[in-house]
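Peer 1: Here's my sequence, what's the structure:
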Amino acid sequence: MKAILFSLACLLAVSSVNAQLKFGVRSNVFTSTNSEQSITLQNLAPLEIIDFKYQNSNSGYSAGGFVYGSNKFLFFMTELLYQSNTSNFNLSSDENNLQRARSSRDFSVQKKSIYVPVAAGLRFGNFKVGLGPTFNFALSQSDDIGDLEAFQIKKDPFESGFQFLVGYSLFDRIHFDLKREISFSKATDGITYHDRSIGMKNSLSKVSLSLGVLF
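Peer 2: Next up, the predicted model:
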(Lines give C-alpha, C1' and ligand atoms only; values in the text may rest on other atoms or scores of the structure.)
Protein backbone atom coordinates (compact mmCIF):
# COMPACT_ATOMS: atom_id res chain seq x y z
CA MET A 1 0.00 0.00 0.00
CA LYS A 2 2.82 2.42 0.85
CA ALA A 3 4.43 1.70 -2.53
CA ILE A 4 1.17 2.49 -4.33
CA LEU A 5 0.73 5.75 -2.41
CA PHE A 6 4.34 6.73 -3.12
CA SER A 7 3.89 6.06 -6.84
CA LEU A 8 0.66 8.06 -6.96
CA ALA A 9 2.32 10.95 -5.13
CA CYS A 10 5.15 11.02 -7.68
CA LEU A 11 2.66 10.85 -10.55
CA LEU A 12 0.79 13.85 -9.14
CA ALA A 13 4.05 15.73 -8.64
CA VAL A 14 5.16 15.01 -12.20
CA SER A 15 1.74 15.99 -13.56
CA SER A 16 1.73 19.23 -11.58
CA VAL A 17 4.54 20.64 -13.72
CA ASN A 18 2.84 19.66 -16.98
CA ALA A 19 5.26 16.88 -17.81
CA GLN A 20 4.33 15.14 -21.03
CA LEU A 21 3.66 11.41 -20.88
CA LYS A 22 5.51 9.46 -23.55
CA PHE A 23 4.86 5.97 -24.88
CA GLY A 24 7.27 3.31 -26.05
CA VAL A 25 8.15 -0.36 -26.43
CA ARG A 26 10.10 -2.38 -23.90
CA SER A 27 11.62 -5.80 -23.33
CA ASN A 28 13.59 -7.35 -20.51
CA VAL A 29 15.42 -10.50 -19.50
CA PHE A 30 15.26 -11.84 -15.97
CA THR A 31 16.78 -14.53 -13.80
CA SER A 32 15.54 -16.01 -10.54
CA THR A 33 17.40 -15.28 -7.29
CA ASN A 34 15.58 -17.93 -5.24
CA SER A 35 17.42 -20.68 -3.42
CA GLU A 36 16.34 -24.31 -3.11
CA GLN A 37 13.98 -25.20 -0.30
CA SER A 38 12.48 -28.52 0.79
CA ILE A 39 9.83 -29.78 3.17
CA THR A 40 8.76 -33.26 4.29
CA LEU A 41 5.13 -34.19 3.61
CA GLN A 42 3.46 -37.01 5.54
CA ASN A 43 0.17 -38.81 5.20
CA LEU A 44 -1.26 -41.80 7.13
CA ALA A 45 -3.82 -43.22 4.74
CA PRO A 46 -2.28 -44.13 2.41
CA LEU A 47 1.05 -44.09 4.23
CA GLU A 48 3.37 -41.65 2.50
CA ILE A 49 6.54 -39.77 3.43
CA ILE A 50 7.52 -37.46 0.61
CA ASP A 51 10.34 -34.95 0.29
CA PHE A 52 8.95 -32.00 -1.64
CA LYS A 53 11.60 -29.65 -3.05
CA TYR A 54 11.37 -26.31 -4.80
CA GLN A 55 14.38 -26.37 -7.13
CA ASN A 56 14.40 -23.09 -9.07
CA SER A 57 12.56 -20.85 -11.49
CA ASN A 58 13.69 -20.59 -15.10
CA SER A 59 15.26 -17.47 -16.54
CA GLY A 60 13.10 -15.77 -19.16
CA TYR A 61 12.06 -12.60 -20.89
CA SER A 62 9.08 -10.30 -21.23
CA ALA A 63 8.02 -7.74 -23.82
CA GLY A 64 5.39 -5.05 -24.28
CA GLY A 65 4.95 -1.31 -23.90
CA PHE A 66 5.46 1.39 -21.31
CA VAL A 67 4.44 4.91 -20.36
CA TYR A 68 7.01 7.36 -19.00
CA GLY A 69 6.70 10.86 -17.57
CA SER A 70 9.24 13.06 -15.86
CA ASN A 71 10.27 16.53 -14.84
CA LYS A 72 13.68 17.78 -13.74
CA PHE A 73 13.68 15.88 -10.45
CA LEU A 74 11.02 13.14 -10.59
CA PHE A 75 9.86 10.36 -12.89
CA PHE A 76 6.91 8.00 -13.20
CA MET A 77 6.81 4.81 -15.29
CA THR A 78 4.23 2.09 -15.92
CA GLU A 79 4.84 -1.02 -18.03
CA LEU A 80 2.47 -3.51 -19.64
CA LEU A 81 4.34 -6.74 -20.43
CA TYR A 82 3.61 -10.27 -21.59
CA GLN A 83 5.59 -12.73 -19.47
CA SER A 84 6.07 -16.46 -19.03
CA ASN A 85 7.33 -17.99 -15.77
CA THR A 86 8.25 -21.59 -14.98
CA SER A 87 8.92 -23.00 -11.48
CA ASN A 88 10.56 -26.41 -11.08
CA PHE A 89 9.95 -28.92 -8.29
CA ASN A 90 11.03 -32.41 -7.27
CA LEU A 91 9.25 -35.16 -5.35
CA SER A 92 11.11 -38.08 -3.80
CA SER A 93 10.11 -40.90 -1.48
CA ASP A 94 11.71 -43.95 0.09
CA GLU A 95 8.36 -45.75 -0.17
CA ASN A 96 8.50 -46.05 -3.97
CA ASN A 97 4.89 -44.95 -4.18
CA LEU A 98 5.10 -41.89 -6.37
CA GLN A 99 4.75 -44.04 -9.44
CA ARG A 100 4.96 -47.80 -9.83
CA ALA A 101 8.65 -48.05 -10.66
CA ARG A 102 9.89 -44.61 -9.60
CA SER A 103 10.90 -43.08 -6.28
CA SER A 104 11.65 -39.63 -7.63
CA ARG A 105 10.21 -37.34 -10.24
CA ASP A 106 10.39 -33.72 -11.36
CA PHE A 107 7.53 -31.51 -12.38
CA SER A 108 7.08 -27.89 -13.45
CA VAL A 109 4.39 -25.24 -13.21
CA GLN A 110 4.24 -22.72 -16.03
CA LYS A 111 2.24 -19.50 -15.97
CA LYS A 112 1.72 -17.02 -18.80
CA SER A 113 0.59 -13.62 -17.62
CA ILE A 114 0.30 -9.88 -18.08
CA TYR A 115 2.83 -8.18 -15.85
CA VAL A 116 2.32 -4.54 -14.78
CA PRO A 117 5.19 -2.95 -12.82
CA VAL A 118 4.69 0.64 -11.64
CA ALA A 119 7.68 2.72 -10.54
CA ALA A 120 8.33 6.28 -9.43
CA GLY A 121 11.29 8.06 -7.96
CA LEU A 122 14.07 10.59 -8.34
CA ARG A 123 16.11 11.73 -11.32
CA PHE A 124 19.77 12.72 -11.16
CA GLY A 125 20.54 13.97 -14.64
CA ASN A 126 20.36 10.92 -16.90
CA PHE A 127 20.19 8.55 -13.93
CA LYS A 128 17.08 7.53 -12.01
CA VAL A 129 16.33 5.60 -8.83
CA GLY A 130 12.83 4.37 -8.02
CA LEU A 131 10.53 1.82 -6.51
CA GLY A 132 6.91 0.77 -6.68
CA PRO A 133 4.36 -2.06 -6.76
CA THR A 134 4.03 -4.84 -9.32
CA PHE A 135 0.86 -6.62 -10.47
CA ASN A 136 0.59 -9.95 -12.25
CA PHE A 137 -2.59 -11.15 -14.01
CA ALA A 138 -2.51 -14.79 -15.13
CA LEU A 139 -3.65 -15.65 -18.65
CA SER A 140 -3.05 -19.41 -18.48
CA GLN A 141 -1.40 -22.04 -16.32
CA SER A 142 -0.12 -25.55 -17.03
CA ASP A 143 1.79 -28.27 -15.20
CA ASP A 144 3.17 -31.73 -15.85
CA ILE A 145 2.54 -33.33 -12.46
CA GLY A 146 0.56 -36.02 -14.24
CA ASP A 147 -1.39 -38.65 -12.32
CA LEU A 148 -0.36 -37.78 -8.75
CA GLU A 149 -3.85 -37.29 -7.41
CA ALA A 150 -2.63 -36.36 -3.93
CA PHE A 151 -1.33 -33.08 -5.36
CA GLN A 152 -3.55 -30.35 -6.76
CA ILE A 153 -2.32 -27.15 -8.40
CA LYS A 154 -4.53 -24.10 -8.69
CA LYS A 155 -2.60 -20.85 -8.68
CA ASP A 156 -4.22 -17.52 -7.80
CA PRO A 157 -4.83 -15.59 -11.05
CA PHE A 158 -3.68 -12.35 -9.41
CA GLU A 159 -0.37 -11.73 -7.65
CA SER A 160 1.39 -8.60 -6.49
CA GLY A 161 4.84 -7.60 -5.36
CA PHE A 162 7.42 -4.86 -5.11
CA GLN A 163 10.35 -3.57 -7.15
CA PHE A 164 13.46 -1.44 -6.80
CA LEU A 165 15.21 -0.03 -9.84
CA VAL A 166 18.17 2.01 -10.99
CA GLY A 167 18.23 3.28 -14.54
CA TYR A 168 19.93 5.39 -17.15
CA SER A 169 18.39 7.26 -20.09
CA LEU A 170 20.20 8.04 -23.33
CA PHE A 171 19.05 11.06 -25.36
CA ASP A 172 15.99 11.09 -23.05
CA ARG A 173 14.59 8.35 -25.31
CA ILE A 174 16.41 5.08 -24.70
CA HIS A 175 16.05 3.66 -21.19
CA PHE A 176 18.14 0.98 -19.48
CA ASP A 177 16.88 -0.29 -16.12
CA LEU A 178 18.22 -2.82 -13.63
CA LYS A 179 15.55 -4.11 -11.25
CA ARG A 180 15.23 -6.21 -8.15
CA GLU A 181 11.69 -7.63 -8.05
CA ILE A 182 10.09 -9.48 -5.13
CA SER A 183 6.69 -11.15 -5.23
CA PHE A 184 4.42 -11.29 -2.20
CA SER A 185 3.50 -14.83 -3.31
CA LYS A 186 5.39 -17.99 -2.42
CA ALA A 187 6.61 -20.59 -4.92
CA THR A 188 4.21 -23.19 -3.48
CA ASP A 189 1.11 -20.98 -3.25
CA GLY A 190 -1.79 -22.82 -4.86
CA ILE A 191 -0.18 -26.28 -4.53
CA THR A 192 -1.91 -28.63 -2.09
CA TYR A 193 -1.14 -32.11 -0.82
CA HIS A 194 -4.23 -34.08 0.26
CA ASP A 195 -6.05 -30.73 0.38
CA ARG A 196 -3.42 -29.24 2.71
CA SER A 197 -1.33 -26.21 1.75
CA ILE A 198 2.42 -26.70 1.37
CA GLY A 199 3.88 -24.10 3.69
CA MET A 200 7.18 -23.04 2.20
CA LYS A 201 8.38 -19.56 3.08
CA ASN A 202 10.41 -18.57 0.02
CA SER A 203 8.96 -15.61 -1.87
CA LEU A 204 9.59 -15.53 -5.60
CA SER A 205 12.26 -12.98 -6.49
CA LYS A 206 14.29 -12.07 -9.55
CA VAL A 207 16.74 -9.62 -11.08
CA SER A 208 15.91 -8.15 -14.49
CA LEU A 209 17.59 -5.96 -17.07
CA SER A 210 15.30 -3.87 -19.29
CA LEU A 211 15.62 -1.90 -22.49
CA GLY A 212 12.92 0.60 -23.49
CA VAL A 213 12.62 2.96 -26.44
CA LEU A 214 10.22 5.91 -26.39
CA PHE A 215 8.46 7.04 -29.57
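Peer 1: Tell me the predicted confidence for the residue nearest to the spatial centre of the chain.
Peer 2: Closest to where the C-alpha atoms of the chain average out (C-alpha atoms, centre = their mean) is Ser183, at 5.5 Å. We note a pLDDT of 94 for Ser183 in this prediction.
Peer 1: List the contacts of the helix or strand encompassing it.
Peer 2: Using DSSP states H and E, the element containing Ser183 is strand 174-186. Residues from elsewhere that reach strand 174-186 (C-beta atoms under 8 Å, 6 or more residues apart in numbering): 24, 26, 28, 30, 33, 68, 117, 134, 136, 156, 159-170, 200-214. Heads up, the C-betas are built off the backbone N, CA and C, glycines and all.
Peer 1: How about the helix or strand that that strand is followed by, which residues are buried there?
Peer 2: Scanning forward in sequence from strand 174-186 by DSSP H and E, the next helix or strand is strand 191-193. For strand 191-193, burial by neighbour count (16 or more other C-beta atoms under 10 Å) applies to 191, 193.
Peer 1: Quick check: the gap between the closest residue to Ser35 other than its chain neighbours and Ser87.
Peer 2: Distances taken as C-beta to C-beta, 6 or more residues apart in numbering place Asn202 nearest to Ser35, at 7.1 Å, with adjacent residues excluded. Distance of Asn202 to Ser87, given as C-beta to C-beta, to the nearest Å: 11 Å.
Peer 1: any common contacting residues for the two?
Peer 2: 54, 187.
Peer 1: Which one's more surrounded, these two?
Peer 2: Between Asn202 and Ser87, counted using other C-beta atoms under 10 Å, the more crowded position is Ser87 (22 against 13).
Peer 1: looking at it, the more buried one is touching Gln37, isn't it?
Peer 2: No. Look at Ser87 against Gln37 with C-beta atoms under 8 Å: they stay out of range, at 11.6 Å.
Peer 1: overlap in contacts of these two?
Peer 2: With C-beta under 8 Å, 6+ apart, Ser87 and Gln37 have common neighbours 54, 187.
Peer 1: Leaving out the residues flanking it, which one is nearest to Ile145?
Peer 2: Closest residue in space to Ile145, ignoring its immediate chain neighbours: Phe107 at 4.4 Å, by C-beta to C-beta, 6+ apart.
Peer 1: Tell me which helix or strand comes right after the host helix or strand of Leu41.
Peer 2: Using DSSP H and E, the element containing Leu41 is strand 37-43. The C-terminal neighbour of strand 37-43 among helices and strands, as given by DSSP H and E, is strand 48-57.
Peer 1: Tell me how far the residue sitting furthest away from the middle of the chain lies from Lys72.
Peer 2: The centre of the chain is farthest from one residue, Ala45, which by C-alpha atoms, centre = their mean lies 36.2 Å away. Remark: distance between Ala45 and Lys72 (C-beta to C-beta) = 68 Å.
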